[in-house]
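Asks: let's see this in three dimensions:
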Amino acid sequence: MNFTTKQVKNHTVVTLEGSLDIYSAPALKKELHKIIDDGAESVAIDMVNIKLLDSSGIALLANLQKKLKSEEGTFFLLNVSQDVMVILKLSSLDKFFTILAGEAELP
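Replies: Model (predicted):
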């Protein structure tokens, strides 16, 4: 799993590339928690290049949302593909996450 970060407005945008699955989630969790612990108050995960999302990836995203919410921060998913959106809808998580079409929609 590769990722890059950049600042857009007051948001830290993390662009993921590859599969968000049982193999990549643990290492990515450490990196994303470090970003939050270093002071990011708003994190947007850009999923434009995510080809596979499994339950470990979903758990990581939910964990990040809860961590930011507990610290009064905000969390967004950006550019969610149709395939990933199907997974989120089947698990009713499309209502749990704030999903935006892209960076331009960030508040």
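
Asks: got the residue ranges for the strands in the chain?
Replies: Listed from the start of the chain, the chain has strands (DSSP state E) covering 2-8, 11-20, 42-53, 74-78, 99-100.

Asks: and the ones you listed as CSV, adding distance to residue 67?
Replies: Where you see a C-beta, it was placed from the backbone N, CA and C, and this is true even at glycine. Rendered in CSV, the data for the strands of the chain read as follows (distance: least, Cβ to Cβ, whole Å):
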stretch, distance to residue 67
strand 2-8, 17
strand 11-20, 13
strand 42-53, 9
strand 74-78, 8
strand 99-100, 18
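
Asks: wait, which of those is closest to residue 91?
Replies: Comparing those against residue 91 with Cβ to Cβ, the closest turns out to be strand 42-53 (10.3 Å).

Asks: Provide the strand pairings for that closest one, with the direction of each partner.
Replies: For strand 42-53, the pairing partners within the sheet under DSSP bridges are strand 11-20 (parallel), strand 74-78 (parallel).
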